[in-house]
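# turn this into a structure:
(one chain, ligands or ions: 1)
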Amino acid sequence: MTVPISIASFVAILALSASSESTTPAGTSSSTAERGEYLATIDGCHDCHTPLKMGAQGPAPDMSRMLSGHPEQMVMPPPPALPPGPWVWVGSGTNTAFAGPWGISYSPNLTPHATGLAAWSKEVFVKAIRSGRHFGTSRPILPPMPWQTMARMTDGDLEAIWAYLNTVPPIANHVPDAVPAAHQ
Ligand code: HEC
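Numbers count the residues shown, from 1 in each chain. Just a heads-up that it's a prediction; the model follows:
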């Protein structure tokens with residue numbers, strides 16, 4: 001026999017748990033760095049900052065190089081000249097080197113190593129993302145780094161990502177400098 005109220009109570013319980021979840025302040029259920037790991041994962045930082053390598057199942061992130069950016073051993077030749085038409089940019093198989101109308105950009109090393117973000121502060125990190133300027137002050141950050149969407153994160157979210165980046169294994173990897181189009 002069905003008890004009609006049970007469905008209503010079930011829906012009410014669902015609504016209650018959903019609302020209590022959404023009002024839980026960030027960082028109460030897990031540490032700030034754990035929340036940063038979650039945010040970095042769903043916001044796709046690995047997509048471009050962890051090099052892809054070819055495996056049996058196709059390209060997969062090389063977690064032994066987690067978040068260390070474009071591998072320095074992989075010296076890229078000049079980008080190919082594309083014929084006129086709708087193809088306007090190219091990328092490396094690692095998804096860490098990119099060339100297009102903006103010039104050439106390489107995903108930097110985000111690990112807390114001297115060749116990565118070890119010298120950065122939380123303030124510089126937040127300012128870079130908010131302003132779209134390299135190191136928060138100099139040249140514009142080039143595509144395809146999606147700083148425009150990241151800039152809309154709350155301070156708490158950006159600070160959580162920064163906290164997480166400080167917990168990942170430091171990896172020595174000196175990424176080449178970007179070459180903005182004006183300098184090509
Ligand atoms: C679609 C590829 C892509 C994604 C996704 C991406 N990045 Fe980047 N990121 C880049 C590239 C390329 C650069 C280098 C841009 C340049 O040299 O101007 C960059 C630069 C940066 C920089 C250096 C900014 C500076 O001041 O020079 C930081 C910090 C950074 N990314 C953090 C992140 C974080 C954190 C995430 C995830 C939330 C993320 N990126 C997601 C491609 C990406």
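# just list the residues touching the residue nearest to the spatial centre of the chain, thanks.
Residue closest to the average C-alpha location in the chain (CA atoms, centre = their mean): residue 45, at 2.0 Å. Applying CB atoms under 8 Å, 6 or more residues apart in numbering, we find residue 45 in contact with 67, 110, 161. From N, CA and C alone the C-beta is placed, and that goes for glycine too.
# filter these down to the ones close to the ligand.
Filtering those for proximity to the ligand (criterion: CB under 6 Å from any ligand atom) leaves 110, 161.
# dump the contacts of residue 45 to a markdown table, plus pLDDT and secondary structure.
Listed next are the contacts of residue 45 as a markdown table, based on pLDDT from 0 to 100; DSSP: H, G, I helix; E, B strand; the rest coil:
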| residue | pLDDT | secondary structure |
| --- | --- | --- |
| 67 | 98 | coil |
| 110 | 98 | coil |
| 161 | 98 | helix |
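# just the buried subset of the contacts of residue 45, please.
67, 110, 161 (16 or more other CB atoms under 10 Å).
# what sits closest to the first one if chain neighbours are left out?
Meaning residue 67. Excluding the flanking residues, the one nearest residue 67 by CB to CB, 6 or more residues apart in numbering is residue 110, at 4.4 Å.
# surely that neighbour meets residue 117?
Yes: in this structure, residue 110 is within contact of residue 117 by CB atoms under 8 Å, at 5.8 Å.
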